[in-house]
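A.B. asks: What follows is a predicted structure for the sequence shown.
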Amino acid sequence: MTTAEKNKRRVLLVDDHGIVRHGIAVLLSDAPDLEICGEAGTYDEAIQLLRERSPDVAVIDLVLQDRSGLDLIRAARATGATMPMLVLSMHDESTHAEKALRAGAQGYVMKEDADEVLVDAIRKVLSGGLYISGDINARMLHDYIHGDEPSERSGVEQLTEREREIFTCLGQGLTTRKIAEKYGLSSRTVEVHRARIKKKLQCEDAAQLLREAVRWVETEDI
């Protein structure tokens, strides 16, 4: 038995899909220095296992069955947990990595990249480092140096309060008529607001505007 195998670091997996947890476990099974010490699919299960198993590192999805992964990270930190936590998510790193780090995580990996980088990412946070992609790291460093706001907010922050309300409604799937009824506006006025939002966010067409609105709503809900 090698030294790495004798001193395996214990990993807690937190994801609301069993098949994903299984896939991660298989991926980590080839790492001689890592072992799974528990799996959780909900916020409550994860809180219990964090207390009972005392893992060396936790790999956490952003979306759980009952709460968000960010809520879990914040709660763990609030109770004094010091082990590194690494977010593994399908959500775009460009809009969620900074939120994860601010909540108390030490890294962010997109699920589509897990096969190539997850083991290295776990080892890096276990060694006391942070793990995010080079592109995101460079952007965050630029924002810090120049005092810029996070890029996920830079576009939407240009919108007026009414425009942001309508933008949110679009992301929630409301039609022009429903939005007009909700705010006591004419359909024509709603369409004018849509056009202004589309221009400010530099969307090429209505489909892109809708995608951006849906992503904005998802981001705010996490």
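C.D. replies: Alright, I've got the coordinates.

A.B. asks: contacting residues around residue 114?
C.D. replies: 24, 27, 88 (Cβ atoms under 8 Å, 6 or more residues apart in numbering). C-beta coordinates here come from the backbone N, C-alpha and C atoms, glycine included.

A.B. asks: How many residues are close by the nearest residue to the second one once chain neighbours are set aside?
C.D. replies: Which is residue 27. Excluding the flanking residues, the one nearest residue 27 by Cβ to Cβ, 6 or more residues apart in numbering is residue 118, at 6.2 Å. Counted with other Cβ atoms under 10 Å, residues neighbouring residue 118 total 22.

A.B. asks: What are the buried residues along the helix or strand harbouring residue 118?
C.D. replies: Per DSSP states H and E, residue 118 falls inside helix 114-126. In terms of neighbour count (16 or more other Cβ atoms under 10 Å), helix 114-126 has its buried residues at 114, 118-119, 121-126.

A.B. asks: try stretch 69-85
C.D. replies: Going by neighbour count (16+ other Cβ under 10 Å), the buried part of stretch 69-85 is 69-70, 72-73, 75-76, 81, 83-85.

A.B. asks: got the CA coordinates for it in CSV?
C.D. replies: Presented in CSV, the C-alpha positions along stretch 69-85 are these (Å, rounded to 0.1, in the frame of the first residue of the first chain):
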residue,chain,number,x,y,z
GLY,A,69,-25.8,24.6,-2.8
LEU,A,70,-24.8,28.2,-1.8
ASP,A,71,-27.2,28.0,1.2
LEU,A,72,-25.4,24.8,2.2
ILE,A,73,-22.0,26.4,1.9
ARG,A,74,-23.0,29.4,3.9
ALA,A,75,-24.6,27.3,6.6
ALA,A,76,-21.5,25.1,6.9
ARG,A,77,-19.3,28.1,7.2
ALA,A,78,-21.7,29.7,9.8
THR,A,79,-21.3,26.6,11.9
GLY,A,80,-17.5,26.8,11.8
ALA,A,81,-16.7,24.2,9.1
THR,A,82,-13.3,24.8,7.8
MET,A,83,-12.8,22.0,5.2
PRO,A,84,-12.6,23.2,1.6
MET,A,85,-15.8,23.1,-0.5
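
A.B. asks: And the next helix or strand past the lowest-mean-pLDDT helix or strand in the chain?
C.D. replies: Lowest by mean pLDDT, DSSP states H and E among the helices and strands of the chain is helix 151-154, with a mean of 46. Later in the chain than helix 151-154, the nearest helix or strand by DSSP H and E is helix 161-171.

A.B. asks: which residues are contacting that next one?
C.D. replies: 156, 159, 178-179, 182-183, 190, 193-194, 196-197, 200, 209-210, 213-218, 220.

A.B. asks: could you redo the last one with a cut-off of 10 Å?
C.D. replies: The set of residues external to helix 161-171 that reach it, using Cβ atoms under 10 Å, 6 or more residues apart in numbering, is 156-160, 174-176, 178-180, 182-183, 185, 189-194, 196-198, 200-201, 206, 209-221.

A.B. asks: ok so, going back, quick check: the farthest pair among the buried residues of stretch 69-85?
C.D. replies: Within those, 70 and 83 form the most distant pair, 16.7 Å apart (Cβ to Cβ).

A.B. asks: residues near residue 182, how many?
C.D. replies: Neighbours of residue 182 using other Cβ under 10 Å come to 13.

A.B. asks: domains in the chain, as residue ranges please.
C.D. replies: 3-145, 155-221 (automatic domain parsing).
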